[in-house]
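Peer 1: what would the 3D arrangement of this be:
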Amino acid sequence: MSEFWQNFVLTFVPLFIVIDALGTLPIVISLSDGMTLKERHKMIHVATFTAIIVGLSFLFFGQFILQVMGIPVGAFAIAGGLVLLVLSIKFMTTGRMVDVVKEEMVAVVPIGTPLTSGPATITTLLLLATQFPMYTVLVSFALNILIAWGIFLLGSKFSHFLGQGGLSAISKVFSLLLSAIAVSMIINGLRLLEII
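Peer 2: Take a look at the predicted model:
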């Protein structure tokens, strides 16, 4: 195996795991509940664009930005976890995370960041950039984002297949899983800060 392909596999796989488009899909479906197809596609495009901007910004300027602002990566992870936790609690108590009319805001937070390009993705990008050639990390990140975009666009097909009752059940389950993801982010942040 050539050095490029070896580096590609070693950068693609960790990013695929942390971006976790398949795990995020049920949350995308529940957040787009009540939207038209046009609104859903707009939300997915904005979310993907947000994920690209956040990922590339931190890939090229992440360590510098965090150092200048005096923010440890662990603190960033905790903040992302708290945002997700608040949204999941709101969903469990009110049945909605946000108003449907604000699909662009939903796309930016939580889908674009911290779910797609969140603390785990940012941390992984920062670590990979110190171990592998930048162009390899860029190719792996771009391909993973393209895969996530495709999976999110196919979400409507899952929606038609499962029906309203199935989606409602999945939404309830995944609101709990979203809470678990949030707590996991917070715990990882505390570990990065060496608090626990």
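
Peer 1: now the helix or strand where residue 6 lies: average pLDDT?
Peer 2: Element membership for residue 6 (DSSP states H and E) is helix 3-19. Throughout helix 3-19, pLDDT has a mean value of 89.

Peer 1: show me what it is packed against.
Peer 2: Contacts of helix 3-19 with other secondary structure elements, assessed using 3 or more CB pairs under 8 Å, 6 or more residues apart in numbering; DSSP states H and E, are made with helix 119-131, helix 134-153. Placement of C-beta: from N, CA and C, glycine included.

Peer 1: by mean pLDDT, which helix or strand of this protein comes out lowest?
Peer 2: Least confident helix or strand of the chain, by mean pLDDT, DSSP states H and E, is helix 103-106 with a mean of 60.

Peer 1: so what touches the helix holding residue 6?
Peer 2: The contact list for helix 3-19, computed with CB atoms under 8 Å, 6 or more residues apart in numbering, reads 51, 116-117, 120-121, 124-125, 128, 132-133, 136-137, 139-141, 143-145, 147-148.

Peer 1: ok, of the residues you listed, which come out buried?
Peer 2: Applying a neighbour-count criterion of 16 or more other CB atoms under 10 Å, the buried members of these are 51, 116-117, 120-121, 124-125, 128, 132, 136-137, 139-141, 144-145, 147-148.

Peer 1: thinking again about what came up before, make a markdown table from the helices and strands packed on helix 3-19 and add distance to residue 59 to it.
Peer 2: As requested, those are arranged in a markdown table below (distance: least, CB to CB, whole Å):
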| stretch | distance to residue 59 |
| --- | --- |
| helix 119-131 | 5 |
| helix 134-153 | 7 |
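
Peer 1: with only the CA atoms kept, save the helix holding residue 6 in CSV.
Peer 2: Output of helix 3-19 as CSV, limited to C-alpha atoms (Å, rounded to 0.1, in the frame of the first residue of the first chain):
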residue,chain,number,x,y,z
GLU,A,3,2.1,6.0,1.7
PHE,A,4,-0.8,8.2,0.4
TRP,A,5,-3.4,5.5,0.7
GLN,A,6,-2.1,4.4,4.1
ASN,A,7,-2.3,8.0,5.4
PHE,A,8,-5.7,8.4,3.8
VAL,A,9,-7.1,5.4,5.6
LEU,A,10,-5.6,6.5,8.9
THR,A,11,-7.2,9.9,8.5
PHE,A,12,-10.5,9.0,6.9
VAL,A,13,-11.6,6.3,9.4
PRO,A,14,-11.2,8.4,12.6
LEU,A,15,-13.1,11.3,10.9
PHE,A,16,-15.8,9.0,9.7
ILE,A,17,-16.3,7.8,13.3
VAL,A,18,-16.4,11.2,14.9
ILE,A,19,-18.5,12.9,12.2
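
Peer 1: including distance to residue 7 and mean pLDDT, could the helices and strands packed on helix 3-19 go into JSON lines?
Peer 2: Listed next are the helices and strands packed on helix 3-19 as JSON lines, based on distance: least, CB to CB, whole Å; pLDDT from 0 to 100:
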{"stretch": "helix 119-131", "distance to residue 7": "9", "mean pLDDT": "81"}
{"stretch": "helix 134-153", "distance to residue 7": "4", "mean pLDDT": "94"}
